[in-house]
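A.B. asks: sequence and predicted model, in that order:
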Amino acid sequence: MKKLNKERNRILLLAKLLFKDLMRRRVTLLILFIVPILFNVVILIVTSEKEDPVVFGIFSDETVRMISRQALSFVFMGCAAVSFLTSFLAFNLVFKRVAEDQRLANCGYQPLEIIAGKMIVLMAIILSIALYEGLIILPFLNPMYFSRLLTGFFLAGLIYSCFGLFIGSISKHELEGIFLIILVANVDIGWLQNPMYFSESTNQEVIKNMPGFFPTQMANAGAFTNEFPLKALWGSILYALVFFTGAMIAFWYRIKGRIRGYITFN
């Protein structure tokens, strides 16, 4: 019990110090909260309120629903904004802090404790950005279930923050890591998960197996239907666990390898 308490206190201390370090980077935090506003301003300027037939892929009945393009865009781009922001932040928390993490490991921290501390900070930021995104679209959207809409935003951030941790742990150079995040996030949640695109797709199974499918469907279901898609919830959690497990394994080898001198990542 004492050992568990000691490990918990070490993780919480690490998370506290990491959070304080992030708070000193005011420009970064400012960007985190400006980007969602910019996304929504663009939607207001360029998207019409014309209604289109939409099919949500998470439901077996595949009922066609007539929904405003603008309303769909707010939900879809909300998921995209949270995903992009959290994935880049997670990437930087790993890739940009290699020297600091190595010093922590030399002082007795285990790799799992270090990444757990990072995840606590990420969870707080994901919650904040998801709530912020939900609140700024409320004047333009009347979701049927606001809590479920926020759940979709949170799950999107959770999946892509774990993805960012994974890419940050395996990347040898910053450019390749950024390119991988942009490529995957843009193709998946920034393009294929658009409900209007999905409704017209000739190969929906490919889209349904992408990481962004489940959180986007959860957000859309909460905004426009009475359904609570449990499949979307469990699918999101599964994707997040897969990416987080990969991140833990890669981070462990990264830190242990640098300490022992067997592996060089720079």
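C.D. replies: Good, I have the coordinates. Residues are numbered from 1 along each chain as shown.

A.B. asks: by contact count, what packs against the helix or strand harbouring residue 149?
C.D. replies: Taking DSSP states H and E as the definition, residue 149 sits inside helix 146-170. The helices and strands touching helix 146-170, judged by 3 or more CB pairs under 8 Å, 6 or more residues apart in numbering; DSSP states H and E, are helix 69-95, helix 111-137, helix 174-187, helix 213-224, helix 230-260. (Each C-beta comes from the backbone N, C-alpha and C, glycine too.)

A.B. asks: list the buried residues of the third one.
C.D. replies: Of the residues in helix 174-187, those with enough neighbours to count as buried (16 or more other CB atoms under 10 Å) are 177, 178, 180, 181, 184, 185.

A.B. asks: can you spell out which helices and strands pack onto that helix?
C.D. replies: In terms of contacts (3+ CB pairs under 8 Å, 6+ apart), helix 174-187 is packed against helix 69-95, helix 146-170.

A.B. asks: kindly report the same for the first one.
C.D. replies: Counting contacts by 3+ CB pairs under 8 Å, 6+ apart, the secondary-structure elements packed against helix 69-95 are helix 26-46, strand 51-55, helix 111-137, helix 146-170, helix 174-187, helix 195-200, helix 213-224.

A.B. asks: residues in contact with the first one?
C.D. replies: Read it as helix 26-46. 22-23, 70, 73-74, 77-78, 80-82, 84-85, 89, 125, 129, 132-133, 136-137, 140 (CB atoms under 8 Å, 6 or more residues apart in numbering).

A.B. asks: of those, keep whichever come out buried.
C.D. replies: 22, 70, 73-74, 77-78, 80-82, 84-85, 89, 125, 129, 132-133, 136-137.

A.B. asks: before we move on, back to that, could you list the buried residues of the helix holding residue 149?
C.D. replies: Of all the residues in helix 146-170, those buried under the rule 16+ other CB under 10 Å are 148-170.

A.B. asks: just how off-centre is it within its chain?
C.D. replies: Centroid separation between helix 146-170 and its chain, computed with CA atoms, centre = their mean, to the nearest Å, is 2 Å.

A.B. asks: now it and helix 174-187, what's the angle there?
C.D. replies: Here helix 146-170 runs at an angle of 150 degrees relative to helix 174-187 (axes from the mean of the first three to the mean of the last three CA atoms, to 10 degrees).

A.B. asks: so how far is residue 138 from residue 131?
C.D. replies: To residue 138, residue 131 is 11 Å away according to CB to CB, to the nearest Å.

A.B. asks: same question, residue 69
C.D. replies: Applying CB to CB to residue 69 and residue 138 gives a distance of 18 Å.

A.B. asks: could you check which of these two has the larger neighbour count?
C.D. replies: When residue 69 and residue 138 are compared for neighbours, residue 69 comes out ahead with 17 against 12, by other CB atoms under 10 Å.

A.B. asks: distance of residue 208 from residue 53?
C.D. replies: Distance, residue 208 to residue 53, by CB to CB: 19 Å.

A.B. asks: for these two, indicate the residue with more neighbours.
C.D. replies: Neighbours were counted for residue 208 and for residue 53 using other CB under 10 Å; residue 208 has more, 17 against 11.

A.B. asks: who touches the more buried one in this structure?
C.D. replies: Contact analysis of residue 208 by CB under 8 Å, 6+ apart lists residue 57.

A.B. asks: C-alpha coordinates for stretch 14-21, PDB please?
C.D. replies: The C-alpha coordinates for stretch 14-21 follow below in PDB (Å, rounded to 0.1, in the frame of the first residue of the first chain):
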ATOM      1  CA  LEU A  14       5.200  15.000 -12.100                       C
ATOM      2  CA  ALA A  15       1.800  16.000 -13.600                       C
ATOM      3  CA  LYS A  16       1.700  19.200 -11.400                       C
ATOM      4  CA  LEU A  17       5.200  20.300 -12.500                       C
ATOM      5  CA  LEU A  18       4.400  19.500 -16.200                       C
ATOM      6  CA  PHE A  19       1.100  21.500 -15.900                       C
ATOM      7  CA  LYS A  20       3.000  24.500 -14.400                       C
ATOM      8  CA  ASP A  21       5.500  24.300 -17.300                       C
END
